[in-house]
Each structure stands twice: as structure tokens, then as C-alpha cells.
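Q: A predicted structure for the sequence below; I have some questions about it.
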Amino acid sequence: MPHKILLIDDDRSMLKLLGRYLDISGYEVVVAENGLAGIQTLYNERPDLIVLDVMMPRLDGWETCRRIRDMTNIPIIMLTVKGEEPDKLKAFDLGVDDYVTKPFSFAELAARIRAVLQRAGREVGEPETRIRVGDLTLDSKTRIVKRGEQTIELTPTEFQLLQALMERAGEVVPSEELVRRVWGPGYADSIGYIRRYIWYLRQKVEPDPAHPTYILNDRGFGYMIHK
């Protein structure tokens, strides 16, 4: 079955043109013209990924994203005319999986959608799907992460980053390699993504995020999961 994409944008022309492009590209597309309608459509349609515009009346993309993240870890790509670093960091703080600045080409957005869906659905092609490091357990088939008996809820991108580290536990993995593994080769210059997502992981995985014992860093080189 094709992946279902939810487009949330108050620009009807954008919804029509982008929806048609994604439909031709093989996706099932559902649309909503504002944040409140988008949340209702999410509940009714259960899409595989959301493309969310920031600048909308009544309920903007920031607040819509917050409410969605209270409900689900579904992948989100945010669209905005703002390209400054603080806005990107704000988006990632809210748990988005990618950030695209307008103007953009539909081909570029489609490529970003494919990459995020791959991260969300990727499985390790090995018979053993469970990785254990200390009391951390990651199952790449069920996509469940536990610390002891406690289940840890991660976004698809957070999951892929943790998996990349746990597969090489005890070894420092270069930041550039982590970017290529999690985001893809087109993000080779986006080392800032790693720092931000390591911070997210520590907030969820570490008993005391201010004094990490699981995810350690070799400053200027990379990160490792401590055995």
C-alpha cells in the first residue's frame, strides 16, 4: 500500500499543486487547511507522515506541532519561509524530523519525504533484531526501546540515531558518519543536527541528562554508547 501523507497548509494553491505532485509520485495524500483541521484529520486518517506549514492563522504550525507530539511520534516535516538558525532549532526542539525552507522544489520535498519515511521504517537486515547495552535494549523490528523495564518513547530520527550508536557500542562514531547514517549523504554538512538530537536522546535515555552515563562524546570527533 502507498504511504499516506497529510499536508497541513492554509495555502489552497499549494495544497492542490503539492498534493497532485505527491499523488503522481505514488503517495496517498490527504489535506487540511488549518492546524485544528489537521489534528482532526490525523486522528481520522492515521497518515504515515505529516508535512506541516508554520505560518497559518488561528493555530500556527508551532502549536499544531506541539499538540501532535502530545499524541504521537509520527514523522513531521515542517515548511516555513524562515531559515534562520533559531527557527530551525525551535522546530527540532518540538520534535520535527526535517525542516524545509520556502521556496523549495517539489522534487526536493519529495526526496526529504522519502528519506524520513526510510528512517521511520528502516530495519536492520540481520537475524538478531535486539541490541542490548547495559540495561538499554533496542529492538529494530518492534522499534521498542527500554531502559530496564521502562519503555522509552522516541521519534523515528531519535530511534535511528540511538540504533547507530548501540550497534557500535564502546566505539566512538564520528559525527559525519552519524549524519550520513541517520539523515543521508545529502546532509553531510549538517553536523548541528547531531548535537541537537544527542541532547534529545539524553533527555529521554539518561537517568540524569546533565551528567550522562550512556551517551558520551569525544569533543570535536563524535559520540559513543558506553558499554
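A: That came through fine.
Q: So which residues of the chain form helices?
A: All helices of the chain, identified by DSSP state H, fall at 12-24, 35-45, 61-71, 85-93, 106-121, 156-166, 175-182, 191-205.
Q: export these to CSV and tack on distance to Y223 and mean neighbour count?
A: (C-beta placed from N, C-alpha, C; glycine too.) What follows is the helices of the chain, written out as CSV (distance: least, C-beta to C-beta, whole Å; neighbours: other C-beta atoms under 10 Å):
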stretch, distance to Y223, mean neighbour count
helix 12-24, 35, 15
helix 35-45, 33, 17
helix 61-71, 24, 18
helix 85-93, 17, 16
helix 106-121, 18, 17
helix 156-166, 6, 23
helix 175-182, 7, 19
helix 191-205, 6, 17
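Q: Give the closest residue to L6 in space, chain neighbours not counted.
A: For L6, ignoring the flanking residues on the chain, the nearest one in space by C-beta to C-beta, 6 or more residues apart in numbering is P47 at 3.9 Å.
Q: That neighbour contacts K4, correct?
A: Yes: using C-beta atoms under 8 Å as the test, P47 is close enough to K4 to be in contact (4.4 Å).
Q: Compare those two and say which is more crowded by neighbours.
A: Taking other C-beta atoms under 10 Å, P47 and K4 do not tie; P47 has more neighbours (21 against 14).
Q: Phi first, then psi, for that one.
A: Here is the backbone geometry of P47 (degrees, to the nearest 10): phi -70, psi 170.
Q: for it, what are its contacts?
A: By C-beta atoms under 8 Å, 6 or more residues apart in numbering, P47 lies in contact with K4, I5, L6, V30, T41, I74.
Q: Can you tell me the closest non-neighbouring residue to the fifth one?
A: Meaning T41. Excluding the flanking residues, the one nearest T41 by C-beta to C-beta, 6+ apart is A32, at 4.5 Å.
Q: burial measure for that neighbour, as a count.
A: Neighbour count of A32, defined by other C-beta under 10 Å: 23.
Q: Against K227, how distant is it?
A: Distance, A32 to K227, using C-beta to C-beta, to the nearest Å: 46 Å.
Q: same thing with F106?
A: Taking C-beta to C-beta, one finds F106 at 45 Å from K227.
Q: Show me this structure divided up by domain.
A: Domain assignment for the chain by automatic domain parsing gives 4-121, 130-225.
Q: how about JSON lines for these, with mean pLDDT added?
A: Rendered in JSON lines, the data for these read as follows (pLDDT from 0 to 100):
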{"stretch": "domain 4-121", "mean pLDDT": "89"}
{"stretch": "domain 130-225", "mean pLDDT": "87"}
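Q: And for the residue nearest to T129 when sequence neighbours are not counted, the neighbour number?
A: Once flanking residues are discounted, T129 sits nearest to K141: 4.1 Å by C-beta to C-beta, 6+ apart. K141 has 10 neighbouring residues, counting by other C-beta under 10 Å.
Q: pretty sure K141 is in contact with Q163, am I right?
A: No: using C-beta under 8 Å, K141 makes no contact with Q163, being 11.6 Å away.
Q: Return the residues in contact with the residue positioned nearest the centre of the chain.
A: Centroid-nearest residue in the chain: D97, 2.6 Å away (criterion: C-alpha atoms, centre = their mean). Counting by C-beta under 8 Å, 6+ apart, D97 touches P75, I76, I77, V116, R119, A120, T155, P156, T157.
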